[in-house]
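> structural data only, the sequence is not supplied:
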């Protein structure tokens, strides 16, 4: 089997000779750029500056020799960037105040303060000297319990939606890029393309928007109708041209879970989100029935899994079974043959950063053997590999999964 065949077989609920594996197919399956050089060294590969393609979470774009060494089966691609082929003209050196020799797209977007804090004025975020990610004040979440719950400006959203529609030149450039991706690799192509634009923490934030869903559901329906109309138009403009070159479409990121429960009541997802996600995934499948739709949703979302499946998603990530009191066996049993699980292979909050390589390998083996049963599983940790994770644990995780 080629890597692409292995991934597509698993997503079709077929068992494969080994489980397909991913590192960096999309941002939430990736690795910190601070951990990446240690991983490269642990694998015995030549040193190189990491390409930091997500400068909020500070994520490294994995190199092909790293994917080879770890037996990973997926490459990533958005409308401009991919690790399937070299494109050095995109990347410029920047060392984050002397902390990390790296490559970024736009070094002019950063500045360094005397104490070593790195700023990104374009989004008003900062990374202090002892941090490994950028953040904004209050994590960018507005909270006020005084007065009315704020509501988005629908006219402004309509203007933004019209302005976001791509030009013919943009579509041609994306299609040429993704054609080159396809021709450069036999790995599965995970396309991080234009999304649905919905989210329980969108618009007025994690604290306020769930309350608006409860107090003014009719307004939220109108809001979602507006957003999804333009999202589908933008997606269709690209997908008509690029679908021959992609295998999986990471089309939605909507974190619905905390460590203990869903952020809002499951009925809110059922009433106010599922109908619009069904329209978006249905539009993707109408254009490209062979392309798998991929939802990223963190946290304790076990109680909405049936509705997530009914929303038309083919793949769910990151499979955070550690949240909410339902183990990985329960997740698999509920999802078996209905939606593929992409992630969940190791507890990323405890075992991966804090365990020994032997403990990591033992957990990865046990979980992989269960989740890969009857197909429908692509191995990855639960979310990103963080800066503090020992490289030997990362290698142990992938080696164990490949043998499981």
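Arrived safely. Since this is a predicted model, take the numbers as computed values, not measurements.

> all helices for the stretch 301-404 of the chain, in order.
In the stretch 301-404 of the chain, the helices defined using DSSP state H, counting those that start in this stretch lie at 305-310, 328-335, 351-354, 357-371, 391-403.

> I'd like to know how far residue 149 sits from residue 143.
Going from residue 149 to residue 143 by Cβ to Cβ, to the nearest Å gives 11 Å. To be clear about C-beta, it is placed using only N, CA and C from the backbone, and glycine gets the same treatment.

> same deal with residue 347?
From residue 347 to residue 143 the distance is 30 Å (Cβ to Cβ).

> before we move on, what about residue 373?
Counting by Cβ to Cβ - residue 373 and residue 143 are separated by 44 Å.

> gap between stretch 124-140 and the chain center?
Offset of stretch 124-140 from its chain centre (Cα atoms, centre = their mean, to the nearest Å): 20 Å.

> next, the distance between the ends of that stretch.
9 Å (Cα to Cα, to the nearest Å).

> oh, and call the first residue 46 from now on, that's how I've got it
Right, with 46 as the first residue, what we last looked at is stretch 169-185.

> in the helix ranked longest in the chain, what's buried?
When the chain is parsed with DSSP state H, its longest helix is helix 262-287. For helix 262-287, burial by neighbour count (16 or more other Cβ atoms under 10 Å) applies to 265, 268-269, 271-273, 275-280, 282-284, 286-287.

> rewinding a little: mutual contacts of residue 194 and residue 188, please.
By Cβ atoms under 8 Å, 6 or more residues apart in numbering, residue 194 and residue 188 have these common neighbours: residue 253.

> and the two? Which one has more around it.
residue 194 (18 against 10; other Cβ atoms under 10 Å).

> mind telling me what element the more buried one is part of?
Using DSSP states H and E, residue 194 sits within no helix or strand.

> ditto for residue 340
Using DSSP H and E, residue 340 falls in strand 337-341.

> off-centre distance for that strand?
9 Å.

> hmm, who's touching that strand?
So strand 337-341 is contacted by 56, 71, 73, 235, 292-300, 322, 326, 329-330, 353, 356-363, 385, 387 (Cβ under 8 Å, 6+ apart).

> in terms of secondary structure, what does the host helix or strand of residue 330 contact?
In this structure, residue 330 sits in helix 319-332 according to DSSP H and E. Helix 319-332 sits against helix 262-287, strand 293-298, strand 337-341, helix 350-355, with contacts defined as 3 or more Cβ pairs under 8 Å, 6 or more residues apart in numbering; DSSP states H and E.

> the second one - what's its average pLDDT?
Put plainly, it is strand 293-298. Averaging pLDDT along strand 293-298 gives 97.

> kindly report the same for the third one.
Per-residue pLDDT values over strand 337-341 give a mean of 98.

> tell me the strands beside it, with direction?
strand 293-298 (parallel), strand 360-362 (parallel) (DSSP bridges).

> from start to finish, how long is stretch 227-245 in a straight line?
End-to-end span of stretch 227-245 (Cα to Cα): 34 Å.

> ok, stretch 81-94 next?
OK, stretch 81-94 end separation, Cα to Cα: 9 Å.

> contacts for it?
Residues contacting stretch 81-94 (Cβ under 8 Å, 6+ apart): 76, 95, 105, 107-108, 110-111, 114-115, 138, 145-148, 435-437, 439-440.

> buried subset of the residues you listed as a PyMOL selection?
A single PyMOL command is used to select the members of these judged buried by 16+ other Cβ under 10 Å:
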select buried, resi 76+95+105+107+108+111+114+115+145+147+148+435+436+439+440
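
> circling back to that earlier point, distance to residue 223 and mean neighbour count added to the strands paired with strand 337-341, as JSON lines?
Converted to JSON lines, those look like this (distance: least, Cβ to Cβ, whole Å; neighbours: other Cβ atoms under 10 Å):
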{"stretch": "strand 293-298", "distance to residue 223": "11", "mean neighbour count": "25"}
{"stretch": "strand 360-362", "distance to residue 223": "19", "mean neighbour count": "25"}
